[in-house]
Each structure stands twice: as C-alpha cells, then as structure tokens.
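# Coordinates only, no sequence provided:
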C-alpha cells in the first residue's frame, strides 16, 4: 500500500509525537535509576532514549519542511529534507555515543563501579524482557 504525501506526513507526525512522549517518560525513569545506582550504562541508555526524543522532534520539523509543495524555484518539491534530517539525527547520535565512550573509558581507567539497587535491576530486567 502506497501512502500519498498528506497521509505519510500525518502518520509520521503522529508516530513522532507518541515517540517523544514515551521516550521522555522512559528517559526520566532510566535517568533516575542511573543516578541512584551510579551506573554509566543506565545513564548512557537514558541519554540515548532522550536523543531518540530529540530525533523525533527533528523528524517532525523535517516532515513539515519536506511536505511543502513544489514552487517555481523548487519544481521537484522539498523531499530531500528527509535526507538532511536523517544525516542530522545520525550526527546527534554520534555525539552522544562519543561522549559515553569517553566517559566509559575514564571510568574504566579509574576503576569506578556502579552500585545497583532494586530500581536499576527492575528497569534493566523490563528492558531485557522487551528485547527478548
């Protein structure tokens, strides 16, 4: 089934909004669990979840820009904004990944460890069940 531009735009917006709300709530839980347990892995996962929210915000803007009608100056429309948004999202994720790689390496060198509590265990267990 092929979607025309208005349907695609509307579905994309709805999916992005659900993603933003869900990921912000999930971020808050993971961030709290990471702080309580001093777990860089949980903090990394929390910030990755927040970057998903930011990616969804960028997606909404990108969909808006890409959905604009063709003009005389741009007779083929603005669909390439989807590609630009994809590159921007990849750049955001690369920055987040670099920061946590650097932090992980520093913690490894200083032999720091996490203090796992019940909340950290519950959060990671729910995540493991969702993946499997």
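Noted; the coordinates are in hand. These figures come from a predicted structure and were not determined experimentally. Numbering: from 1, shown residues only.
# could you give the mean pLDDT of the host helix or strand of residue 87?
Of the helices and strands defined by DSSP states H and E, residue 87 is found in helix 81-109. When the per-residue pLDDT values of helix 81-109 are averaged, the result is 84.
# So which other helices or strands are in contact with that helix?
Using 3 or more CB pairs under 8 Å, 6 or more residues apart in numbering; DSSP states H and E as the contact test, the elements touching helix 81-109 are helix 40-66. From N, CA and C alone the C-beta is placed, and that goes for glycine too.
# how far away is residue 32 from residue 122?
Here the distance between residue 32 and residue 122 works out to 12 Å (CB to CB, to the nearest Å).
# again, but for residue 111
Look at residue 111 and residue 122: by CB to CB, they are 27 Å apart.
# Tell me which of those two has more neighbours.
It is residue 122, of residue 111 and residue 122, that has more neighbours when counted by other CB atoms under 10 Å, with 12 against 6.
# list the helices and strands the lengthiest helix in the chain packs on?
Ranked by number of residues, the top helix in the chain under DSSP state H is helix 5-37. Counting contacts by 3+ CB pairs under 8 Å, 6+ apart, helix 5-37 is packed against helix 40-66, helix 118-131.
# what is the orientation angle of it with helix 40-66?
Direction vectors for helix 5-37 and helix 40-66, defined by axes from the mean of the first three to the mean of the last three CA atoms, to 10 degrees, enclose an angle of 160 degrees.
# quick check, distance from helix 5-37 to the centre of its chain.
Taking CA atoms, centre = their mean, to the nearest Å, one finds helix 5-37 lying 8 Å from the centre of the chain it belongs to.
# can you give me the angle that helix makes with helix 81-109?
Between helix 5-37 and helix 81-109, the angle formed by their directions is 10 degrees, by the same axes, to 10 degrees.
# Sweet, I'm off.
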